[in-house]
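# got a predicted structure here, sequence first:
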Number of protein chains: 8
Amino acid sequence: MKITCIKVYKIRLPLKEGSYKWSHNNEIKEFDNTIVRIETDSEYFGYGEVCTLGSAYLPAYARGVRTGIKEIGKSLIGLDPTNIQEINDVMDKSLKGHPYVKSPIDMACWDLLGNVYKIPLWKLLGGKFGGMIDLYRAISQEEPSVMSEKVKQYKQEGYKKFQLKVGGNPTEDIQRIIQVRTILDSSDILVADANTGWLMHDALKVVRKLNTWTYIMNNHV
Amino acid sequence: MKITCIKVYKIRLPLKEGSYKWSHNNEIKEFDNTIVRIETDSEYFGYGEVCTLGSAYLPAYARGVRTGIKEIGKSLIGLDPTNIQEINDVMDKSLKGHPYVKSPIDMACWDLLGNVYKIPLWKLLGGKFGGMIDLYRAISQEEPSVMSEKVKQYKQEGYKKFQLKVGGNPTEDIQRIIQVRTILDSSDILVADANTGWLMHDALKVVRKLNTWTYIMNNHV
Amino acid sequence: MKITCIKVYKIRLPLKEGSYKWSHNNEIKEFDNTIVRIETDSEYFGYGEVCTLGSAYLPAYARGVRTGIKEIGKSLIGLDPTNIQEINDVMDKSLKGHPYVKSPIDMACWDLLGNVYKIPLWKLLGGKFGGMIDLYRAISQEEPSVMSEKVKQYKQEGYKKFQLKVGGNPTEDIQRIIQVRTILDSSDILVADANTGWLMHDALKVVRKLNTWTYIMNNHV
Amino acid sequence: MKITCIKVYKIRLPLKEGSYKWSHNNEIKEFDNTIVRIETDSEYFGYGEVCTLGSAYLPAYARGVRTGIKEIGKSLIGLDPTNIQEINDVMDKSLKGHPYVKSPIDMACWDLLGNVYKIPLWKLLGGKFGGMIDLYRAISQEEPSVMSEKVKQYKQEGYKKFQLKVGGNPTEDIQRIIQVRTILDSSDILVADANTGWLMHDALKVVRKLNTWTYIMNNHV
Amino acid sequence: MKITCIKVYKIRLPLKEGSYKWSHNNEIKEFDNTIVRIETDSEYFGYGEVCTLGSAYLPAYARGVRTGIKEIGKSLIGLDPTNIQEINDVMDKSLKGHPYVKSPIDMACWDLLGNVYKIPLWKLLGGKFGGMIDLYRAISQEEPSVMSEKVKQYKQEGYKKFQLKVGGNPTEDIQRIIQVRTILDSSDILVADANTGWLMHDALKVVRKLNTWTYIMNNHV
Amino acid sequence: MKITCIKVYKIRLPLKEGSYKWSHNNEIKEFDNTIVRIETDSEYFGYGEVCTLGSAYLPAYARGVRTGIKEIGKSLIGLDPTNIQEINDVMDKSLKGHPYVKSPIDMACWDLLGNVYKIPLWKLLGGKFGGMIDLYRAISQEEPSVMSEKVKQYKQEGYKKFQLKVGGNPTEDIQRIIQVRTILDSSDILVADANTGWLMHDALKVVRKLNTWTYIMNNHV
Amino acid sequence: MKITCIKVYKIRLPLKEGSYKWSHNNEIKEFDNTIVRIETDSEYFGYGEVCTLGSAYLPAYARGVRTGIKEIGKSLIGLDPTNIQEINDVMDKSLKGHPYVKSPIDMACWDLLGNVYKIPLWKLLGGKFGGMIDLYRAISQEEPSVMSEKVKQYKQEGYKKFQLKVGGNPTEDIQRIIQVRTILDSSDILVADANTGWLMHDALKVVRKLNTWTYIMNNHV
Amino acid sequence: MKITCIKVYKIRLPLKEGSYKWSHNNEIKEFDNTIVRIETDSEYFGYGEVCTLGSAYLPAYARGVRTGIKEIGKSLIGLDPTNIQEINDVMDKSLKGHPYVKSPIDMACWDLLGNVYKIPLWKLLGGKFGGMIDLYRAISQEEPSVMSEKVKQYKQEGYKKFQLKVGGNPTEDIQRIIQVRTILDSSDILVADANTGWLMHDALKVVRKLNTWTYIMNNHV
């Protein structure tokens, strides 16, 4: 089996809640998603996908995905997509670094492998564990009361784990955490993610304040 | 699909050359090999194998393989052999350590997986690289002249890489290496494996002597 | 003096309390105990023993003890059992690793040595210190109230040191510790053993909660 | 002063010698060069340039330069190009990583700064040291005799420093080095660059052989 | 352009508040300031300045500045002051160490460079960031009440950051910190600088006392 | 059984060869040996011994042995000498440090233990290995020719291992080693012990000279 | 000047308070003190002294001092006692280790040097600092109330620093510290010295209990 | 006794050989030496001295010595010069760093102390060892033949140790070392001091060349 064609699609995914905000005033309103379809000289094909969180979250961006595939694509035509190690070797030889470019192609080859042999991929990749893990809900960085309101809502939908986007003004972040924690059950799990938005002393300020607050909570409840 | 039965066979493999010797006066005359066959409630089955080099080469021995499988076997009956991560988790929970016991069962499950989905296992295990590697021939520890004679023979059969079993008396070992090296081409590769048979100062003695010898060779030939 | 025979006995030791439970849902209802008797060409003999806690607590299991002794036994026949270093050297040469197999034989040789020379073994092994150490009572993992009830009982039998089997659900474990600690005298010693049942964050959760609890206790009593 | 426009040009630079080869069978026949021109609302402008050695030498490639500039360009329009720290901050905020994209823009801003203030850039960048450094000539990886021939020629043009592209077959590489070294004066400087083409044992093989060779040279000349 | 003359001026700067005191009973009543003027064979010149805090604060003193410039001055006459790297190389060659001597000359050269090319120096030195940083007010070491009174006053002038000179008697220092902290708003920033006046155990004493005090404050306010 | 009496004897052991010399001009003509006899309220007794090499070789000296035993002796009267751990604990409590004082008493207790139980001590102390080790002959530091002469003689008595006392003048030491090595068989083992008599650069000088010498030997013989 | 004679005196110093006790049930009732007098062929002489705290506090004891001086004394006769480096070199050459033996002789030589040249020794040994240091009073380990009573008394004599001998039963030690601390002024300094009498967990128990106690003290006084 | 006056003298010491040269083209023709005389209110006085090797060899220079003494001198008037620790404390408090300024004053105080008490200073400073050390002769950096000629001459004057000033052009330095070594006896000691004039690869080049040269010398002589 040989690769005959690699098709690349851009899919715009607007955020259902309008926008998603995190530290350093980052904000996105839609995801610029890339879908890769690998076609072969047989009836089989495979799909891969890569979706960056804008261009400043990680060293990866949607335009770069598509340009990178243009750079390495020709060298893959004619290769056997089920010989995944060779595919990766050729990609590394055609373009140094830029793993986010190669990721959707690798993914599409695995998908194709599963299709060809009718084998569920989880059997090859370490087993099926999804049932053991509860999903968490990430909460875009807003005013404390707004975030608390959203968490209340998600809690009614059944969520029990939440990740607050903090990493803004530390004094406000303390309020974000306290207001949200107050409306949760003690078995709910709350994580606060500053996404590099705090310096060392900001983090210490938040942690110390919350320790005192927790201590008072524990002693009087 | 469920495991219904695990069969264990003992196969005696006498050494074609009569015996194989290495450091610390170790010697074996035949391999005590164990073959495992996993059967299921379907038409599919898989084979695994483990073959220790006697009982003193590594912390593993043939009798222990068979007793260990007896210990863990029952806990595997009824499980899906293609869910390999679960198989390994259950083995670890049934018996701590003793990886040599679990290895042939793991192998038989992979074999079975390949059989069920008609997929060559090399596609799942990193690719097919065998063609790039030349086999080497291990040379049982004997008198220097015997070893040199054997290498001459193997060289005619086409071998270009040799591993001498040294780790005996260092002075004799030096002779083993010199006599064999002398009959090889400069592109042949010679490795000497002492298998923990030398102490630090034995190793230094061998290395220094060979350095001088090499130096003289290089300057006068 | 020469070893003429090694006899191996299996002794089933059911737990007086019915069962013993610990982390990761481990449970045993009886110990599978192995007794070794070494006989010689004289009137003397010695006993050794090894008793694993099932097969998943340590890399050692009862069936493996007996198979291992079968593997190494022949090489010991004819040796002097009072030359204990030689016995151990031969065992290591016959079987790499598997110390739990060799332990009861080593023990039987020491016993035999004591018998032959009429010397109490403690004189050879560092002295007699048993009188200085209080025994502790391990408490099988149960509901907090059950464990607390058992401790009360053992305390009446005179115990002053207890080891709780925790390593289950951390929130329950906190209750196990608090309920038991509450009924103890301040001079009693309480240890909680999670047997690898907690991850790092579980352990932190337990420790922090207990620190707060202890602090309140200290300030109000 | 404000940036009003960023123009990007592709310039194809074919190699005068036809091709340039190095380890891992890499070869290029022309450089894909990118020139950036920054224009402002004043009479001033600046030029920058980035020229990758194909796409597999470093994690940088020409197509990626141009796509990256498209990604970050808009955010730079309207900024003061002589406030270089701000330009770099905005580039980092628009695109994480990918320094090769930002390099030609930074360079163009420095050029512009020099133009505006009529100041030679070397005064700002640590001084003028070029006169103290002799240029070296890189020698594309070819047959030993070809490389030696080329060096002879370059030597006549006045070069006194050479960098051989080795990192191929170690045995051949030894010949490359010996043949070139032989035709040089003792005051000429020869460097051999394997560009990651050797594994540890390849490198040792080359170094040891050359040490012996040097030693013989020294003793007999 | 060539340096034709280096003029050195001594300027006495009496402290507006009469004196400035810090740890180890250090006190100064006026700064002994040195101004350097570099003149050239053109219309351009540049100014540099160095002002030590007495002679015991750092390994630098005003008399030493002036003597050092006498030592290195002649070697600079005739050099191009805008080739700053060369100026520094010559200074280092004329006098090893003593960076405080060379600093005002380096500074004057940069000033001259800015004058010649009409370029604001901040463009060359990393950008203009002053607007982002609030100034702090250092508070000379006095009785706690005196320091607190001064801070009250400076606060009315608009300061929001204060650095207390502590490093005296630790018990008094605790009072200095508590009395000043008490009159500040929670958003004001207070730093205490002991200037090496405390040993390890003094510092621990202060820190522990303040932790307890903070804790009580937090719980009852 | 109880200790009733500890007797201490001084035995003068003149050196058969008149004297023994080593680095730093050390020399002894006789050993000042100490024998300890422990007597009990039974028929059993035990002997121990300690023999220092003068008073400057190790932090131990014969007079100190006898004074130390006087210090700790009384605390041992009445104790059970076969409870060796207790004997050692009491010795450590009576006198801190000075292990050379306690060593002959410990030895006498082991001897006594063997006597009481009729057990050969090697059975308790790791086995009998003496047959596997060849004795070496230490050669007092003399003129090179004298040392070489002595080695010749000892060689005739059957010795195959020699330890030269070097650590004098490095140039002479080189001669000591060369002259002795020259008369040995290649299977004889020669060790040179400088006993801290060389500084780093002395040692390097000796080692380098001998390396060259060895090299020449190897190439021409 | 030459040493002609070294005289050694034993002086018994009974403790004024009857006895002095510390950890591990150590107790002494009198010091066994050694005075050394060095005489010369001139009118000058010098005194030295060494006084061990029994024989189990440090690796040094009074009998050993006197025996050691007997060992090294002869080698010192005839040497110049004011050439102190030579005296120490000869002592080290005569007896390895045992610094407590050499200390009083070194001290006597310094005393003699001061006498000969009429120079106060503090001028040679770093200056006179005694006036800056307050003496502390060590408190023998007794019942908490006894120790507290003694401290009260010493406080009236003017002491402001105390060192409690703890290192006994940790629970009692906590009482020792609390009872003594309670009767002191806040400016008094209290040190508790366990003299290796606590294991790690004992020390933690004491420290944690005292932290809580201090905390309560601080909050309610 | 009190310091009443500190006198500072400048003494010009022209080099007998005209000049002294070392690495980095350093050269001096005369030493600018400083002598300090401390006078007191008694008949006693003391001398100290400091002599820098120009101003670029170490961070110290003659003019700086004299200015520094002007800075700290007043604070020393009235102090007791035999209380040397206090003198040094006051110097450190008057001027941070600049040890070369304080050194001659410290030296003069020791001299004065010796004068007052009629005590030879070597008795206080570790003993008299000068007789054990041979002086070496430093050889100014010149053409190889010039240096070799000078060494020949000094050798006739009785020198046996030489320090060559290398650190110039490495190829020339090799000649400097070889030419000088050739005329020395094998017991003479030769040191080459590059005074930071070589980079790492220069040093390696010299060392390797000399190793080969030495090797040839050793084998053919």
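In hand now; what should we look at?
# hang on, residue A:47 is in a strand, isn't it?
Yes: counting by DSSP: H, G, I helix; E, B strand; the rest coil, residue A:47 is part of a strand.
# distance of it relative to chain E?
47 Å (C-beta to the nearest C-beta, to the nearest Å). Glycine gets a C-beta too; all of them are placed from N, C-alpha and C.
# so residue A:203 sits right up against residue A:194, yeah?
Yes: Residue A:203 lies in contact with residue A:194 (C-beta atoms under 8 Å); the separation is 7.0 Å.
# and residue A:106, helix, strand or coil?
Residue A:106, by the three-state scheme (three-state DSSP), is helix.
# with adjacent residues omitted, what lies nearest to it?
Spatially, and ignoring its direct neighbours in sequence, residue A:106 is nearest to residue A:88 (6.3 Å; C-beta to C-beta, 6 or more residues apart in numbering or on different chains).
# helix, strand or coil for the one you found?
Under three-state DSSP, residue A:88 falls in the helix class.
# run a quick neighbour tally on it.
The burial count assigned to residue A:88 is 15, neighbours taken as other C-beta atoms under 10 Å in any protein chain shown.
# again with residue A:8
Neighbours of residue A:8 using other C-beta under 10 Å come to 16.
# so it lies in a helix, does it not?
No: per three-state DSSP, residue A:8 lies outside any helix segment and is strand.
# quick one, what contacts it?
Residues near residue A:8 by C-beta atoms under 8 Å, 6 or more residues apart in numbering or on different chains: A:34-37, A:65-66, A:69.
# in helices, which of those fall?
Among the contacts of residue A:8, the residues falling in helices (DSSP state H) are A:65-66, A:69.
# please render the residues you listed as TSV that adds distance to chain E and neighbour count to the earlier fields.
Putting the ones in helices among the contacts of residue A:8 into TSV (distance: C-beta to the nearest C-beta, whole Å; neighbours: other C-beta atoms under 10 Å in any protein chain shown) gives the following:
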residue	distance to chain E	neighbour count
A:65	33	26
A:66	34	18
A:69	38	22
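# neighbour-wise, which of residue A:203 and residue A:194 wins?
Remark: of residue A:203 and residue A:194, residue A:194 carries more neighbours, 20 against 15, as counted by other C-beta under 10 Å.
# next, the buried residues of the top helix by length along chain A.
Determined from DSSP H, the single longest helix within chain A is helix A:200-220. Neighbour-count burial for helix A:200-220 flags A:202, A:205-206, A:209-210 (criterion: 16 or more other C-beta atoms under 10 Å in any protein chain shown).
# where does chain A dip in pLDDT?
Along chain A, segments meeting pLDDT under 70 span A:215-221.
# filter the contacts of residue A:8 down to the ones near chain C?
Contacts with chain C are made by none of these, judged by C-beta under 8 Å from any C-beta of the partner chain.
# list just the nearest of these to residue B:48.
Distance to residue B:48 across the contacts of residue A:8 (C-beta to C-beta) is lowest for residue A:36, with 37.3 Å.
# which strand residues bridge that closest one?
residue A:8, residue A:48 (DSSP bridges).
# pull up the gap between it and chain D, please.
For residue A:36, the distance to chain D - C-beta to the nearest C-beta - is 17 Å.
# which residues touch residue A:113?
A:46, A:81-82, A:84, A:119, A:121, B:119, B:123.
# can you list the buried residues of helix A:200-220 in CSV and add distance to residue D:176?
Listed next are the buried residues of helix A:200-220 as CSV, based on distance: C-beta to C-beta, whole Å:
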residue, distance to residue D:176
A:202, 57
A:205, 62
A:206, 61
A:209, 67
A:210, 65
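# that older thread, what helices or strands is the longest helix of chain A leaning on?
Secondary-structure packing of helix A:200-220 (3 or more C-beta pairs under 8 Å, 6 or more residues apart in numbering or on different chains; DSSP states H and E): helix A:170-182, helix C:200-220, helix E:200-220.
# rerun that using 6 Å as the cut-off
helix A:170-182 (3 or more C-beta pairs under 6 Å, 6 or more residues apart in numbering or on different chains; DSSP states H and E).
# next structured bit after the helix it packs on?
strand A:189-193 (DSSP states H and E).
# next, the angle helix A:170-182 makes with that next one.
160 degrees (axes from the mean of the first three to the mean of the last three C-alpha atoms, to 10 degrees).
# for strand A:189-193, buried residues please.
A:192-193.
# about what we covered before: any chance of TSV for the contacts of residue A:8, columns distance to residue E:74?
Below are these laid out as TSV (distance: C-beta to C-beta, whole Å):
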residue	distance to residue E:74
A:34	68
A:35	74
A:36	71
A:37	77
A:65	64
A:66	65
A:69	66
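# good, we can wrap up now.
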